[in-house]
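>>> Fold the stuff below for me.
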Amino acid sequence: MKLKQVILLMGLGLIGQMTFGQASKLSISKDSSAIVTWANGINIQRGWVNISDTTVKYKGSNKATYGYPAVALGKAGISSSDVVSLGDGGIATVTFNRPIANGIGSDFAVFENGQYKQGTDSVFAELGFVEVSSDGKNFVRFPSVSNTQTSKQIGSFAPIDPANVYNLAGAEIQGYGTAFDLNDIADSANIDLQNIRFVRVVDAVGSINTLFATHDSKGTIVNDPFPTPYWSSGFDLDAVGVVHAGQSYNVSTFETLTLAKDTYFTPAATDTVIADGLALFSTENSGYGVNAFTYTNMRNDSTPGYSNEYSAITKGGISAPDSGGTNYAVAYITSYGKASSISFSDKASHIVNGFYVTNATYAYLSMKLGNDAPAKKFGGTTGNDADWFKLQIWGIKADGSKTDTIDFYLADYRFLDNSKDYLVKDWRWVDLSSLGSVKSIQFGMESSDNGQWGMNTPSYFCLDNLTVLPADAPVSLSINDIIVNKNETPKVISLSQAFTAYDPTSLTFTFGSNSNPTLVQTLLTGTDLSLTFAANQIGTSTIQVTGTCNGKTVSNSFKVNVVEPTVSFISVINDTKAFPNPCTSVLNVVCKAGSVITIFDVTGRIVEKTIADNASVSILTDTFSKGYYQLQIVSDTETKTIKIIKE
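This is a model prediction of the structure:
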């Protein structure tokens with residue numbers, strides 16, 4: 001039952017301090033034991049200091065500059081200053097060392113640094129839309145609601161009532177995250193709810209001016225503090241924590257490899273690989289330098305030329321502070337030495353999720369300044385030359401065949417609008433999952449700048465957080481116990497919601513046991529488990545199913561309770577009412593204005609969710625299948641649950 005789940009969540013520390021006006025959504029404490037991992041990679045596209053006047057600058061920039069990206073990695077901070085500001089319309093995309101999976105209740109949480117206004121239920125909060133993706137290309141935005149008035153602009157330092165917003169990150173106080181349930185987007189296309197690898201936060205511009213306003217899922221303008229023309233403009237990202245997760249990835253961060261400060265590793269003449277995690281990075285000491293890969297923590301982002309070949313333009317790895325200094329890999333690709341490649345220590349084939357990449361300082365400054373003859377300045381003297389520099393990645397399969405090649409542009413000056421030309425100077429994610437299972441990864445580089453001896457652009461790039469899927473095993477996710485009425489129509493449960501695996505196509509299901517086959521008959525067809533109920537009988541049966549992947553099997557069980565129908569024309573808990581019950585086409589709910597109303601089907605799937613604008617809400621149920629549903633009503637003081645029957 002959902003009410004029992006809410007009580008369980010309270011025991012785990014999942015529910016925030018409801019007196020702070022966070023009734024519109026369960027919040028999660030940064031110290032909750034329910035959080036199993038935190039974001040470990042990030043890319044940020046900073047937004048404006050003031051989107052309504054982009055000439056406004058703060059500390060010399062018209063884009064937000066407060067904080068550094070890596071501050072949003074790992075556990076949420078203990079201070080409101082431990083954040084990175086996105087700016088008006090800014091975007092942050094984070095990755096993890098485990099995929100987020102769709103379990104029961106909240107699956108992950110986004111933390112901001114909202115501040116409680118003493119003596120009120122209001123919070124100074126800058127809001128953000130939240131999106132998720134399985135492949136890094138197709139993102140799905142959570143449906144959001146903002147019931148804040150739109151007739152008067154909320155001022156730069158004015159608070160909002162978080163009870164008026166739903167599925168917008170940032171409405172909680174420092175230390176508590178807005179929780180998100182993947183069931184809210186269960187009907188979305190191009191996404192695997194058991195394999196969420198990316199979470200994206202998009203600043204909700206708080207202006208009510210229609211020229212700059214952003215809107216919730218109903219088309220209502222989102223009104224929050226605006227303008228905030230400072231270096232800390234926009235959403236302030238603290239962290240993203242995961243509650244339900246699949247198996248851990250194997251991530252090569254190079255942090256376990258020891259280096260003195262501002263140095264790089266020089267392989268011995270006999271060294272052929274550098275091992276970190278499952279990955280083996282090819283390397284070679286040519287006598288003049290290192291071919292293929294080495295690891296480094298060099299922080300020099302300003303010295304041009306070959307003498308600075310082992311530094312990243314970011315001054316450090318993906319987890320580095322502004323001062324840089326954490327470990328990362330640098331690769332030199334040459335046709336005169338060892339090829340740049342990555343294989344695996346277990347000699348098996350693996351799916352590689354991807355890695356973060358950026359320019360080496362040597363290559364970056366060569367393209368920017370053109371002071372490394374014969375290499376040219378990208379764009380030329382006029383800025384109109386259509387120059388480009390790209391990294392190429394492909395895989396070798398177990399049968400020796402080559403996969404398609406993925407191109408990633410480290411510089412691109414081919415745009416008709418020169419303001420869009422770019423040199424990569426931060427860490428960017430390169431997704432390799434489309435290559436499938438491979439024995440090794442190979443690298444090449446190409447440039448528009450070539451001469452008699454080949455490519456003029458220095459053929460260097462930097463890499464961090466190589467993310468590899470280990471040998472796949474299934475992960476069990478909870479199946480809600482089911483309550484049905486006597487003589488109920490058959491039900492179907494999708495076992496893809498009960499188990500998850502990196503490669504869902506390799507996951508198979510088998511029926512385990514049924515403690516009461518006289519009451520409940522079962523039939524497993526592919527991923528669907530059908531339940532048929534005996535006529536005129538009540539009772540309980542425990543069903544067990546198993547999932548198998550790569551020879552590894554886990555079990556999952558749930559109870560089916562067949563009960564006598566409850567017939568009442570009005571279901572009442574205190575001052576909350578739901579009628580008619582049973583219902584046919586419309587269910588009327590009387591509750592406290594601002595309450596969050598959620599209807600779950602017998603499998604725990606959300607079929608309807610809304611916020612009560614008034615004390616009475618009418619919900620269309622004509623498209624609901626006949627059977628039992630659970631109505632949950634969350635107000636600012638309590639949670640109530642009512643059983644509903646659809647006829």
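>>> Strands along the stretch 201-350 of the chain, start to end?
236-237, 239-242, 250-252, 273-276, 279-285, 290-296, 328-332, 341-344, 350-358 (DSSP state E, counting those that start in this stretch).
>>> Ignore what I typed, I meant the stretch 1-150 of the chain.
Here the stretch 1-150 of the chain has its strands, by DSSP E, counting those that start in this stretch, at 27-29, 37-45, 84-85, 91-96, 108-111, 115-116, 123-124, 128-133, 139-141, 145-146.
>>> where do the helices sit along the protein?
Along the chain, counting by DSSP state H, helices occupy 2-11, 361-369.
>>> domain ranges for this protein?
Structural domains assigned to the chain are 1-248, 250-468, 475-563, 571-646, following automatic domain parsing.
>>> Ranking those by mean neighbour count, which comes first?
The highest mean neighbour count among those, using mean count of other C-beta atoms under 10 Å, belongs to domain 1-248: a mean of 21. Placement of C-beta: from N, CA and C, glycine included.
>>> Let's check: the centremost residue of this protein is which one?
residue 199 (2.0 Å; C-alpha atoms, centre = their mean).
>>> ok, what's across the strand from it?
residue 94, residue 132 (DSSP bridges).
>>> And it, what's its pLDDT?
Reported pLDDT at residue 199 in the predicted model: 98.
>>> Endpoints of stretch 282-294, how far apart?
Counting by C-alpha to C-alpha, to the nearest Å, you get 8 Å between the two ends of stretch 282-294.
>>> which outside residues touch that stretch?
264-269, 271-274, 281, 309-310, 329-334, 336-343, 463 (C-beta atoms under 8 Å, 6 or more residues apart in numbering).
>>> repeat for stretch 585-598
When contacts are defined by C-beta under 8 Å, 6+ apart, stretch 585-598 is touched by residues 23-25, 147, 163-164, 166, 575-581, 606, 608-622, 631-636, 640, 644.
>>> Alpha carbons only: can I get it in CSV?
The C-alpha coordinates for stretch 585-598 follow below in CSV (Å, rounded to 0.1, in the frame of the first residue of the first chain):
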residue,chain,number,x,y,z
SER,A,585,-16.4,8.6,-15.8
VAL,A,586,-15.7,11.2,-13.2
LEU,A,587,-14.2,11.1,-9.6
ASN,A,588,-14.8,14.1,-7.5
VAL,A,589,-12.2,14.9,-4.8
VAL,A,590,-12.8,17.3,-1.9
CYS,A,591,-9.6,18.2,-0.1
LYS,A,592,-7.4,21.1,1.0
ALA,A,593,-6.4,23.5,-1.8
GLY,A,594,-2.8,23.0,-2.9
SER,A,595,-2.9,19.2,-2.1
VAL,A,596,-1.1,16.9,-4.5
ILE,A,597,-3.5,14.3,-5.8
THR,A,598,-2.1,11.0,-7.2
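>>> what about stretch 229-242, distance to the chain center?
Distance of stretch 229-242 from its chain centroid, counting by C-alpha atoms, centre = their mean, to the nearest Å, is 16 Å.
>>> repeat for stretch 407-423
Relative to its chain's centre, stretch 407-423 lies at 27 Å (C-alpha atoms, centre = their mean).
>>> Dump it to CSV, restricted to CA.
Backbone C-alpha positions of stretch 407-423 (Å, rounded to 0.1, in the frame of the first residue of the first chain) are rendered in CSV as follows:
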residue,chain,number,x,y,z
ASP,A,407,33.0,11.8,-34.5
PHE,A,408,33.4,14.4,-31.7
TYR,A,409,34.5,17.9,-32.7
LEU,A,410,37.0,19.5,-30.4
ALA,A,411,36.8,22.6,-32.5
ASP,A,412,34.3,23.7,-35.2
TYR,A,413,34.5,26.9,-37.2
ARG,A,414,32.1,25.9,-40.0
PHE,A,415,29.1,28.0,-38.9
LEU,A,416,27.9,30.8,-41.1
ASP,A,417,27.4,32.8,-37.9
ASN,A,418,31.0,33.2,-36.5
SER,A,419,29.6,33.7,-33.0
LYS,A,420,28.8,30.0,-33.0
ASP,A,421,32.3,28.9,-33.7
TYR,A,422,33.9,27.1,-30.7
LEU,A,423,37.0,25.5,-29.2
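>>> Averaging pLDDT per element, find the lowest-scoring helix or strand in the protein.
When the helices and strands of the chain are scored by mean pLDDT, DSSP states H and E, helix 2-11 comes last with a mean of 27.
>>> okay, the residue nearest to residue 427 when sequence neighbours are not counted: pLDDT?
Nearest non-adjacent residue to residue 427, counting by C-beta to C-beta, 6 or more residues apart in numbering: residue 356, 4.3 Å away. With respect to pLDDT, residue 356 has a value of 98.
>>> could you measure residue 356 against residue 69, distance?
Noted for residue 356: a distance of 11 Å to residue 69, by C-beta to C-beta, to the nearest Å.
>>> same check, this time on residue 246
25 Å.
>>> Over to residue 552?
On the measure of C-beta to C-beta, residue 552 and residue 69 end up 36 Å apart.
>>> Residue 56 too?
Distance from residue 56 to residue 69, by C-beta to C-beta: 23 Å.
>>> Ok, residue 33 next?
Taken as C-beta to C-beta, the span from residue 33 to residue 69 is 27 Å.
>>> ditto for residue 391
21 Å.
>>> which intervals of the stretch 351-500 of the chain have sub-threshold pLDDT?
Scanning the stretch 351-500 of the chain for pLDDT under 70 picks out 471-480, 497-500.
>>> I meant the chain, not that one.
Checking the chain against pLDDT under 70 turns up 1-26, 119-120, 471-480, 497-505, 550, 566-575, 602-605.
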